[in-house]
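1. Using only what follows, build the 3D model:
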Amino acid sequence: MLAFYILAYFIGLFFNTALVGAAMIRLDGGNPIVGDGLRSAWSRVGRIFGYACIAATVGMFLRALEDRVGWIGTIIVKLIGVAWAIATSARWTR
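-> The predicted structure follows:
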């Protein structure tokens, strides 16, 4: 199950990175094509995979914790999930 989560996160992150890479080229005045975005993502494939491993592990942990606690615990776990999403998205926008 963890391998599936890692793969799913990796695919999502890889193509999001490609999109952002192409957008950055466009903002710099270039005219990117799909290959430019994919090359941009491929140059960061190691970091993307590492982050996918971390994000998948945290996601599975929060999901398992949510399944084992009551409704108050579910609310707390969801708040932790939101905090995790905000913290990690803020880190990658710098």
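
2. Could you pull out the buried residues of the helix or strand where residue 82 lies?
-> Secondary structure assigned from DSSP states H and E places residue 82 in helix 71-92. By neighbour count on 16 or more other CB atoms under 10 Å, the buried set for helix 71-92 is 77, 81. C-beta here means a position set from N, CA and C on the backbone, and glycine is covered the same way.

3. Now that helix: average pLDDT?
-> Helix 71-92 shows an average pLDDT of 77 in the prediction.

4. For it, give me every contacting residue.
-> Residues from elsewhere that reach helix 71-92 (CB atoms under 8 Å, 6 or more residues apart in numbering): 51, 55, 58, 62, 65-66, 69.

5. could you check the angle helix 71-92 makes with the longest helix anywhere in the chain?
-> As assigned by DSSP state H, the longest helix anywhere in the chain is helix 2-27. Put simply, helix 2-27 runs at 40 degrees to helix 71-92, going by axes from the mean of the first three to the mean of the last three CA atoms, to 10 degrees.

6. Just the C-alpha atoms of stretch 12-30, please, in CSV.
-> Provided in CSV are the C-alpha atoms of stretch 12-30 (Å, rounded to 0.1, in the frame of the first residue of the first chain):
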residue,chain,number,x,y,z
GLY,A,12,1.2,14.1,-9.0
LEU,A,13,4.3,16.0,-7.8
PHE,A,14,6.3,15.2,-11.0
PHE,A,15,3.7,16.7,-13.3
ASN,A,16,2.9,19.6,-11.0
THR,A,17,6.7,20.4,-11.0
ALA,A,18,6.6,20.2,-14.8
LEU,A,19,3.7,22.7,-14.9
VAL,A,20,5.5,25.1,-12.6
GLY,A,21,8.7,24.7,-14.5
ALA,A,22,7.0,25.6,-17.8
ALA,A,23,5.2,28.5,-16.1
MET,A,24,8.5,29.9,-14.8
ILE,A,25,9.9,29.8,-18.3
ARG,A,26,6.9,31.7,-19.5
LEU,A,27,7.2,34.2,-16.8
ASP,A,28,10.9,34.8,-17.8
GLY,A,29,9.7,35.7,-21.3
GLY,A,30,10.2,32.3,-23.0
